[in-house]
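A.B. asks: sequence and predicted structure below; questions after.
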Amino acid sequence: MIRMTISTLIFLLSAAFLLGEELYVPPLLEGTVMEMTMMKGELSLSFGKSPTMGFNGDYLGPTIRVDNGDAFDIRIENRLGEDSTVHWHGLHVPAEFDGGPHQIIGKDRTWNPRFTIDQKAATLWYHPHLMGKTAEHVYKGLAGMFIIEDSYSRNLDIPADYGVNDFPIILQDRRINRDGSFRYSPSMSDYMHGYVGNIVLTNGAINPTLKTDGGTYRFRILNGSNSTIFRIRFSGGRDFTVIASDGGFLPRSLETDSLIISPGERYEILVDLAAGSKTEMLTDLYGGDSHKSLTIETGPSRGEYYDHPSSFSHSPAIADRDRVEKRTFIMETRGMGGFTINGKTMSVDRIDFRLKKNSTEIWTIENRGMGMMNIPHSFHVHDVQFSVLSVNGQRPGPLYSGPKDTVLLWPGDRIEIALRFEDYTGIYMYHCHFLEHEDNGMMGQLLIE
Ligand code: C2O
Ligand code: CU
Ligand code: CU
C-alpha cells in the first residue's frame with residue numbers, strides 16, 4: 001500500500017516537475033549487409049530498473065530502412081542466452097526467412113536471411129516469434145521498425161527526413177510491478193483480457209519530449225503492445241491526417257482527431273504544429289487509463305509546412321475476384337486459456353490448409369464469442385498485404401481501404417479480406433496478434449505449394 005503511494009507520488013512528481021526525457025529516435029540500420037545482435041539489457045524508468053532485451057542495445061532495435069528492389073542481407077546474432085526468432089511483420093518474404101516459429105535462432109547462433117525486397121513503400125516492423133515466447137520476448141523489448149521506401153514515396157512532397165520531421169513512434173503499455181520493474185508476469189485473467197499496463201512507453205520512455213520547430217510532422221505509429229488496443233489523439237482535440245496503414249499509403253487520406261490502433265498495426269500520420277506551442281499526444285488504453293505519451297514543444301521558428309495529400313495512387317486493391325478460393329476463420333475463446341481458430345489451437349506439426357502459389361483468396365474472419373468470452377481479437381497473416389472487402393457487411397471505412405496485414409475484430413465482428421499469394425512457397429502463420437492469445441494457441445499454419 002505504502003509502496004504504491006510512493007510510486008504514485010514519484011510518478012506525479014516526475015510528471016509535473018521534471019522535464020521529460022527527450023524522445024529517443026532509434027538509429028537507422030541500412031546498407032548491403034546489416035548486422036544485429038539480440039542481447040539482454042536493462043531499462044531504467046522513474047519507478048525502477050527492469051531486465052530487458054534489445055537489438056544492438058538494451059531495449060527495442062534500430063530502424064531498418066530499405067528500398068524496394070534492394071538485396072536485403074542481415075546477420076542476426078542471438079546473445080540472449082535462450083532461443084528466439086526474428087519475424088519481419090508485414091514483409092513479403094520467402095517462407096524460410098519469415099522468422100516464424102520454424103526459424104529458431106538457437107542461443108549463440110547466427111541467422112542470415114537474404115532475399116530481395118519486392119514491396120511498395122510501407123512502415124513494417126520486426127519482432128521475435130518463438131512458440132509460446134513471443135509475448136515475453138516482445139514485452140522485454142525485442143521490437144523495431146522496418147521502413148521500405150520506393151520511387152513513389154521518395155517523390156512525394158511530405159516530411160521524410162528521418163529523426164527530423166519523420167519519426168518512428170513505438171507505443172507500448174507496460175505494467176509497473178511492486179518492485180518498480182515491469183517484469184512480465186501475466187495472470188490467467190491477463191491471458192484472457194490482455195496484459196494491460198499502467199504506463200505507456202514511447203520509444204522506451206515515459207512521455208518523452210520532442211523539442212523542435214513549428215512545421216508539419218510525420219509520425220509512423222506502431223502499436224507495439226502485447227494485447228492492448230490504443231486510441232491515439234492529441235491535446236486540444238487537434239486534427240491530424242492519416243496517410244498510410246500497415247502496408248503503405250491509403251488511396252484516400254483521412255483527417256480525424258482520434259485513431260484506434262490494435263497490437264501490431266501501424267498508421268502514418270501528418271500533424272501541423274505551430275511555432276511556440278506545446279502539444280501532447282495521448283494514448284488511451286482499452287481496459288485501462290489515458291496516458292500522455294509524447295510532449296511536443298516547438299520553438300519560435302516556423303519550420304517547414306507541407307500540404308497533406310488527400311489521395312495517393314499507390315495502393316490498388318486486390319481486384320481479381322474470379323476463380324478464388326474462399327475460406328472461413330472462426331476465432332473463439334473457449335474458457336480460460338482456450339484460444340482457437342476454427343476450433344483448433346496451434347500445432348507446429350499440423351498444416352491447417354494448403355493453397356496454390358499465384359492465387360487469390362477471399363477469407364471471412366469472424367470473432368465469435370459468448371458472454372464472458374466476448375473479447376476482441378485481431379487477425380494477422382504473414383507474407384502478404386491484404387485488402388479489406390467488408391466489415392460486418394459494410395464497405396470498410398477509409399482506414400481499412402489501404403493495404404493491411406492486421407485487422408481488429410471486436411466481439412461479433414465479421415471481416416472479409418482478399419489476399420494474393422505470389423512468388424514464394426512454404427509455411428506461413430496466421431494468428432491473433434494479441435500476443436497472449438497467439439502464445440496460447442490462436443494461430444494456424446498455411447502451406448503455399
Ligand atoms: Cu507480428 Cu506473426 O506476427
Ligand atoms: Cu507477421
Ligand atoms: Cu485474440
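C.D. replies: Great, that's in hand. Ligands and ions are numbered 1, 2, ... in the order given.
A.B. asks: next, the closest residue to Ser311 other than its chain neighbours: secondary structure please.
C.D. replies: Excluding its sequence neighbours, the residue lying closest to Ser311 (CB to CB, 6 or more residues apart in numbering) is Arg252, at 5.0 Å. Just so you know, the C-beta spots here come from the backbone N, C-alpha and C atoms, and that holds for glycine as well. Under the three-state scheme (DSSP: H, G, I helix; E, B strand; the rest coil), Arg252 adopts strand.
A.B. asks: same check, this time on Pro101
C.D. replies: coil.
A.B. asks: burial check on it, number of neighbours?
C.D. replies: Residues contacting Pro101 under the criterion other CB atoms under 10 Å number 21.
A.B. asks: wait, it touches His431, no?
C.D. replies: No: using CB atoms under 8 Å, Pro101 is not in contact with His431; the gap is 10.1 Å.
A.B. asks: give the intersection of the neighbour lists for these two.
C.D. replies: Residues touching both Pro101 and His431 (CB atoms under 8 Å, 6 or more residues apart in numbering): there are none.
A.B. asks: the strand or helix carrying Tyr126 and ligand 2, any residue contact?
C.D. replies: If you go by DSSP states H and E, Tyr126 is part of strand 122-127. No: using CB under 5 Å from the ion, strand 122-127 never reaches ligand 2; the gap is at least 8.2 Å.
A.B. asks: what number of residues lie near the residue nearest to Ser311?
C.D. replies: Counted with other CB under 10 Å, Arg252 comes out at 14.
A.B. asks: next up, the contacts around it.
C.D. replies: Counting by CB under 8 Å, 6+ apart, Arg252 touches 310-312, 398, 401.
A.B. asks: roughly how far apart are it and Arg350?
C.D. replies: 41 Å (CB to CB, to the nearest Å).
A.B. asks: and if you look at Asn207?
C.D. replies: Separation of Asn207 from Arg350 (CB to CB): 45 Å.
A.B. asks: could you pull out the helices for this protein?
C.D. replies: 2-16, 134-140, 151-154, 188-193, 435-439 (DSSP state H).
A.B. asks: any chance of a ChimeraX selection covering the buried ones in the contacts of Arg252?
C.D. replies: A single ChimeraX command is used to select the members of those judged buried by 16 or more other CB atoms under 10 Å:
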select :312,401
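A.B. asks: let me have the contacts of Arg252 in JSON lines, adding distance to ligand 3 and pLDDT as columns.
C.D. replies: Listed next are those as JSON lines, based on distance: CB to the ion, whole Å; pLDDT from 0 to 100:
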{"residue": "Ser310", "distance to ligand 3": "35", "pLDDT": "96"}
{"residue": "Ser311", "distance to ligand 3": "33", "pLDDT": "95"}
{"residue": "Phe312", "distance to ligand 3": "31", "pLDDT": "95"}
{"residue": "Pro398", "distance to ligand 3": "25", "pLDDT": "94"}
{"residue": "Ser401", "distance to ligand 3": "24", "pLDDT": "94"}
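A.B. asks: what parts of the protein come near ligand 1?
C.D. replies: 87, 89, 127, 129, 264, 380, 382, 429, 431, 433 (CB under 6 Å from any ligand atom).
A.B. asks: which residues touch the second one?
C.D. replies: Okay, so that is His89. Contacts of His89 (CB under 8 Å, 6+ apart): 124-127, 146, 264, 380, 405.
A.B. asks: one more time with 7 Å, if that's ok
C.D. replies: 124-127, 264 (CB atoms under 7 Å, 6 or more residues apart in numbering).
A.B. asks: ditto for the last one
C.D. replies: For His433, the residues meeting the contact criterion (CB under 7 Å, 6+ apart) are 263-264, 378, 380, 406.
A.B. asks: what strands line up against the strand holding Tyr126, and which way round?
C.D. replies: Looking at strand 122-127 with DSSP bridges, its partner strands are strand 87-89 (antiparallel), strand 144-149 (antiparallel).
A.B. asks: can you give me the pLDDT of the spatially most central residue of the chain?
C.D. replies: By CA atoms, centre = their mean, the chain has its centre lying nearest to Gly264, at 2.8 Å. pLDDT for Gly264: 98.
A.B. asks: tell me the bridge partners for Val242.
C.D. replies: Applying DSSP bridges, one finds that Val242 bridges with Leu254, Ile269.
A.B. asks: just checking, it touches Thr256?
C.D. replies: Yes: with contact defined as CB atoms under 7 Å, Val242 and Thr256 form a contacting pair (6.3 Å).
A.B. asks: and these two? Which one has more around it.
C.D. replies: Per other CB under 10 Å, whichever of Val242 and Thr256 has more neighbours is Val242, with 22 against 15.
A.B. asks: just the pLDDT for that one.
C.D. replies: 98.
A.B. asks: Arg3 too?
C.D. replies: 46.
A.B. asks: what are the buried residues along stretch 344-364?
C.D. replies: 345-346, 352, 355, 360-363.
A.B. asks: pick the one among those residues closest to Phe329.
C.D. replies: Using CB to CB, Trp363 comes nearest to Phe329 of the buried residues of stretch 344-364, at 6.2 Å.
A.B. asks: run a quick neighbour tally on Asp213.
C.D. replies: 17.
A.B. asks: spatially, which residue comes closest to the residue in the stretch 1-150 of the chain positioned nearest to ligand 3, not counting chain neighbours?
C.D. replies: With CB to the ion as the measure, Ala135 is the residue of the stretch 1-150 of the chain nearest to ligand 3, at 11.6 Å. Nearest residue to Ala135 in three dimensions, chain neighbours excluded: Leu435, at 3.7 Å (CB to CB, 6+ apart).
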